[in-house]
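>>> Turn this into a structure:
(one chain, ligands or ions: 2)
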Amino acid sequence: MPRSTLHRAKRIVVKVGTGTLTDRTGRFDRENCARLAAELADVAKGRRVVLVSSGAVALGAERLGLVKTKGKPWDIPTKQAAAATGQPHLMAAWGDALGRHGKVTAQVLLTADDLASRKRFLNARRTFEKLLEAGAIPVVNENDTVAVDEIKVGDNDTLAGLVAGCVEAELVVMLTDVEGLYDRNPAEHGATLLHDVPRITAEVERIAGGAGSERSVGGMATKVKAARRLAAQGVATALLSGRRAGALAALLAGERIGTVFAPGDERLSSRKGWLAAAAKGKGLIVVDAGARRALVEQGRSLLPSGVRSVLGHFRVGDPVDIAIEAGRPFARGLAGYGAEEVRRIAGLKTSEIERALGYKYLDEIVHRNDLVVLEASRE
Ligand SMILES: Nc1ncnc2c1ncn2[C@@H]1O[C@H](COP(=O)(O)OP(=O)(O)O)[C@@H](O)[C@H]1O
Ligand SMILES: N[C@@H](CCC(=O)OP(=O)(O)O)C(=O)O
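Numbers count the residues shown, from 1 in each chain. Ligands and ions are numbered 1, 2, ... in the order given. Got it, this is the predicted structure:
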């Protein structure tokens, strides 16, 4: 999807960062919210738009009168209390601003745990579908008040990527407080804006630094990581200034504005996209180098002969990670056998499965249709 074809995207996730909705002192910027709402309503004509909006913590902090001491981050309960306070005001602000343009808004609060569960992921997808069908703009945020470390996404750039998978968007636009990705931190002298990034290499990741203010989370690093995951699923990502009037329309008109990360050639099915981005492996299957080659280079299924050992407990149909000894998982798939069964057939030929178990479901431990190679392992 080169720039000139971005206008074809029928489903777009737009992510708005804290810096776009607040001024320098951290106060809510109602004017910018109103301007953005008008532009979003325009983009939503003939398209389905999902908004991922940050800002709950900043709005809540303002209401609660919490003052930030430089260099001293708030503790988690303080941030959660601020989010609980700010979220209804954030929704009211978007509801009012988009309502002025005839758009109905709906609140969707999610955690990583919700999207890792296939059942809840599908439920969320059905809800999104209904809302979009009805012409509403879902406004998504992390469910910060309940999201402790183990279950949270952590930043809204990553959340926007997960939501894009859930609604099968073709494009994610992140509105932030800079014009796009620069070749070095834009605070440094002589930084140059990179308009088009055909491939997210390790070098691109290296130049993407942390957040621009203490109120934001993740910075460029999480945006580029999210863009890399999206590219691997065949989705384009654009970064734009959330303060530049008309930027969204200009981007969709093919103008050279902001940064566009090109999508990879392959568009993953929604199920494979979920496996790659949202699912969590319930266990780990350790395989030999030959199996790794067959899976990564030849797109084959995982057979028992390549399996060395099994860690953890999983049942048939559960997501499982696949790694070579002492390595990071390089693939994830849906288990064709439970962990106990895989332990009993590890290293055997497919013709020996039945003798070892007394029955056989399939030849494959993970079928290639249920398997994704994790893009981080390709480097
Ligand atoms: N190479 C880079 N190019 C652009 N911005 C960068 C880069 N490295 C770090 N940043 C920082 O990332 C910030 C944007 O991310 P962030 O502060 O998290 O904003 P948001 O609240 O919109 O998510 C910029 O303000 C900038 O300070
Ligand atoms: N969920 C948080 C925002 C987290 C976040 O990623 O913030 P940002 O870096 O400004 O997009 C909130 O609503 O305040």
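
>>> Look at the residue lying closest to I200 once chain neighbours are set aside and report its pLDDT.
Nearest in space to I200, with sequence neighbours left out and distances taken as C-beta to C-beta, 6 or more residues apart in numbering, is R228 at 4.2 Å. Any C-beta I mention is one placed from the backbone N, CA and C, and that applies to glycine too. pLDDT recorded at R228 is 95.

>>> Quick check: the gap between R228 and ligand 1.
Computed as C-beta to the nearest ligand atom, to the nearest Å, the R228 to ligand 1 distance reads 14 Å.

>>> ok, now V178?
4 Å.

>>> Check P2 too.
For P2, the distance to ligand 1 - C-beta to the nearest ligand atom - is 22 Å.

>>> didn't that residue look like it was pressed against P263?
No - counting by C-beta atoms under 8 Å, P2 does not reach P263; the two are 9.7 Å apart.

>>> Between those two, which has more neighbouring residues?
P263 (20 against 12; other C-beta atoms under 10 Å).

>>> The more buried one and V286, how far apart?
Counting by C-beta to C-beta, to the nearest Å, the gap from P263 to V286 is 32 Å.

>>> now F28
51 Å.

>>> do the same with N369
22 Å.

>>> more crowded one of these two?
Shown here are N369 and V286; by other C-beta under 10 Å, V286 has more neighbours (20 against 12).

>>> quick check, that one in a strand?
Yes - using DSSP: H, G, I helix; E, B strand; the rest coil, the assignment for V286 is a strand.

>>> How about the contacts made by it?
V307, R308, S309, V310, L311, A323, I324, E325 (C-beta atoms under 8 Å, 6 or more residues apart in numbering).

>>> give me the element the closest residue in space to T5 that isn't next to it in sequence is part of.
Excluding the flanking residues, the one nearest T5 by C-beta to C-beta, 6+ apart is G254, at 8.0 Å. Using DSSP states H and E, G254 sits within no helix or strand.

>>> Right, and ligand 1 sits closest to which residue of the stretch 1-150 of the chain?
Proximity of the stretch 1-150 of the chain to ligand 1 (C-beta to the nearest ligand atom) peaks at G17, 2.0 Å away.

>>> actually the stretch 251-379 of the chain, not the one I typed
For the stretch 251-379 of the chain, C-beta to the nearest ligand atom, closest residue to ligand 1: T259, 8.5 Å.

>>> Name the residues linked to that residue by a beta bridge.
Here T259 sits in beta bridges with L239, going by DSSP bridges.

>>> What's the per-residue pLDDT of it here?
pLDDT, read off for T259, is 98.

>>> which one is E354 nearest to, not counting chain neighbours?
Nearest non-adjacent residue to E354 (C-beta to C-beta, 6+ apart): K360, at 4.3 Å.

>>> That neighbour contacts S351, correct?
No - using C-beta under 8 Å, K360 is not in contact with S351, being 9.6 Å away.

>>> helices and strands around the helix or strand containing V49, which ones?
Here V49 sits within strand 48-53, counting by DSSP H and E. The contact analysis (3 or more C-beta pairs under 8 Å, 6 or more residues apart in numbering; DSSP states H and E) places strand 48-53 against strand 11-16, helix 30-43, helix 76-99, helix 118-133, strand 137-142, helix 156-167.

>>> Name every strand pairing with that strand and say which way it goes.
strand 11-16 (parallel), strand 137-142 (parallel).

>>> Can you add mean neighbour count and give these back as TSV?
Listed next are those as TSV, based on neighbours: other C-beta atoms under 10 Å:
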stretch	mean neighbour count
strand 11-16	26
strand 137-142	24
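
>>> out of the ones you listed, which comes closest to G336?
Distance to G336, taken as C-beta to C-beta, is lowest for strand 11-16 among the strands paired with strand 48-53, at 32.0 Å.

>>> average pLDDT for the next helix or strand after that closest one?
Note on strand 11-16: by DSSP H and E, the next helix or strand toward the C-terminus is helix 18-21. Averaging pLDDT along helix 18-21 gives 96.

>>> touching ligand 2 at all, helix 18-21?
Yes - counting by C-beta under 6 Å from any ligand atom, ligand 2 has neighbours in helix 18-21: T18.

>>> Make sure V173 is actually in contact with I12.
Yes - using C-beta under 8 Å, V173 is in contact with I12, at 6.3 Å.

>>> can you list residues touching both of the two?
Between them, V173 and I12 share no contacting residue, judged by C-beta under 8 Å, 6+ apart.

>>> sorry, back to before: count of residues packed around the residue nearest to I200?
Other residues close to R228 by other C-beta under 10 Å number 22.
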